[in-house]
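**Q** model this:
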Amino acid sequence: MKIRRGFVSNSSSSSFVVIFNKIPKTAEELKIMLFGDKREFGQYSVRAVSEAIFREMESPIDAVTAVQIYDDSIYGDSIYEEAKSLPFDADIEAKELAIWHEGQRRQAMKRASDEAKAFLVKVPEGGAIYTFEFSDEDGDFWGTIEHGGVFEKLEHKQISHH
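**A** Presented below is the predicted three-dimensional model:
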């Protein structure tokens, strides 16, 4: 059994792949898209949150990048979930494990491809896909954005990196 003898962090981060039906040109436009007429998001003003997210907006991503993000997230999730279901003292030979792993990889890649295609058809003419990365390690403000459902009004995928 391994014993950790140092600082153990309970921080998390999440990536978000977000479809914008229209690319916001200002933080005010983004605020309306994300929050409508709400004034607060958790303990923060929607204006402060919108301005912070607007500053994080870089170039939109292309479809290939979106599919790669899906591949990474779903493949990782599938393997993790399957590995958790193995008995603690599983005695799996290396060859059997390699075969199992390859089967999981193929299933996950198919699922990722199917989900990415379904996601991409939701991008309207004039719309775009953006990615964001937020972490509660960067403070309560960013943790609130990561965990608070900031993109719930928009089509999005959250990929947790706990």
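
**Q** Ser50 reaches Gly36, doesn't it?
**A** No - counting by C-beta atoms under 8 Å, Ser50 does not reach Gly36; the two are 11.5 Å apart. Every C-beta, even on glycine, is put in place using the N, C-alpha and C of the backbone.

**Q** okay, now the closest residue to Ser45 other than its chain neighbours: neighbour count?
**A** The spatially closest residue to Ser45, leaving aside those adjacent along the chain, is Arg39, at 6.8 Å (C-beta to C-beta, 6 or more residues apart in numbering). Using other C-beta atoms under 10 Å, the number of residues around Arg39 comes to 8.

**Q** so Arg39 versus Arg47, what's the distance?
**A** 9 Å (C-beta to C-beta, to the nearest Å).

**Q** and stretch 137-152, C-alpha only, in CSV?
**A** Output of stretch 137-152 as CSV, limited to C-alpha atoms (Å, rounded to 0.1, in the frame of the first residue of the first chain):
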residue,chain,number,x,y,z
GLU,A,137,-6.6,26.6,-7.1
ASP,A,138,-6.5,30.1,-8.5
GLY,A,139,-8.8,31.4,-5.8
ASP,A,140,-12.5,31.5,-4.8
PHE,A,141,-13.5,33.7,-7.7
TRP,A,142,-12.2,31.2,-10.3
GLY,A,143,-13.5,28.2,-8.3
THR,A,144,-17.0,29.8,-8.3
ILE,A,145,-16.7,30.1,-12.1
GLU,A,146,-15.5,26.5,-12.4
HIS,A,147,-18.2,25.0,-10.3
GLY,A,148,-21.0,27.5,-10.5
GLY,A,149,-22.6,26.6,-13.8
VAL,A,150,-21.5,29.8,-15.6
PHE,A,151,-22.2,28.3,-19.1
GLU,A,152,-25.6,26.7,-18.2
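
**Q** what ranges of this structure fall below the confidence cut-off?
**A** 1-10, 67, 70-95, 98, 162 (pLDDT under 70).

**Q** how about a cut-off of 90?
**A** 1-15, 17, 58-126, 135-139, 157-162 (pLDDT under 90).

**Q** what element comes up after the longest helix seen in it heading to the C-terminus?
**A** Ranked by residue count and defined by DSSP state H, the top helix of the chain is helix 94-120. Elements were assigned by DSSP states H and E; along the chain past helix 94-120, the next helix or strand is strand 128-135.
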